[in-house]
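Student: Just a sequence and a predicted model for now, questions to come.
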Amino acid sequence: MKSASKINQESVGRLASCIYRYSLIHIGNELKPYNIGGGQFNFLMALYHKDGINQETLAQSLKLDKATTARAITKLIKEGYVARQKDDLDLRAYKIFLTKKAKKMEPIIKKILSGWTKTLLSGFTEDERKLFLDFLKRTVQNATFVK
C-alpha cells in the first residue's frame with residue numbers, strides 16, 4: 001500500500017499545477033524578448049481565435065477574473081499588441097483588438113507553443129500522445145462540471 005505522502009505527490013492537481021507553472025516559466029522566457037509575459041500570451045491566443053471580443057467575454061473564456069484580465073490587457077496595450085475600443089452596443093464595455101504587431105507575433109507564439117508541446121510529449125509514442133491528450137481533455141471536462 002502506498003504511503004500518504006506518496007499519494008499526495010501523485011495528486012492530479014499537483015501534477016497539473018507543476019506542468020502549468022513550468023509552462024508559464026518556459027513560455028515567459030521565450031517571449032521575454034518581445035515584452036510578453038507568460039500569463040499574457042493566453043490573451044493573445046484567445047484573440048487569435050476571435051479578434052474583437054468583448055473584454056468581459058475574454059475574461060470568462062479564459063476563466064480569469066476581471067481585474068487580472070484588465071491588468072493583462074493594459075500591459076498588452078502598453079506594449080502595442082492590442083487596442084481597446086468602446087463597444088458600440090454596450091457603452092460600458094470594451095472590445096479588444098489585435099494590432100499589426102500582435103498579428104506578426106502569431107506564428108512566433110504558435111511555434112513556441114508547438115515546441116513546448118513537443119518537449120512535454122517527448123518520449124511518448126504517437127498512441128500514447130493521443131491517449132494522454134484525450135485523458136487531459138476528459139479531465140478538464142470533468143473539472144468544468146464541478147461547481
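Tutor: Done, it's in.

Student: residue ranges for the helices of this protein, please.
Tutor: Counting by DSSP state H, the chain forms helices over residues 4-9, 12-31, 41-49, 55-61, 66-78, 100-120, 126-144, given from the N-terminal end onward.

Student: Kindly calculate the angle that the last one makes with helix 12-31.
Tutor: Read it as helix 126-144. 110 degrees (axes from the mean of the first three to the mean of the last three C-alpha atoms, to 10 degrees).

Student: Give me the distance between the spatially most central residue of the chain and Thr125.
Tutor: The centre of the chain sits closest to Asn42, judged by C-alpha atoms, centre = their mean, with a distance of 3.3 Å. Between Asn42 and Thr125 the computed distance is 29 Å (C-beta to C-beta, to the nearest Å). From N, CA and C alone the C-beta is placed, and that goes for glycine too.

Student: try His26
Tutor: Relative to Thr125, His26 is positioned 23 Å away (criterion: C-beta to C-beta).

Student: Of these two, give the one with the bigger neighbour count.
Tutor: It is His26, of His26 and Thr125, that has more neighbours when counted by other C-beta atoms under 10 Å, with 17 against 9.

Student: would you list the helices of the chain in CSV and tack on distance to Gln85?
Tutor: Listed next are the helices of the chain as CSV, based on distance: least, C-beta to C-beta, whole Å:
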stretch, distance to Gln85
helix 4-9, 48
helix 12-31, 25
helix 41-49, 13
helix 55-61, 10
helix 66-78, 11
helix 100-120, 15
helix 126-144, 31
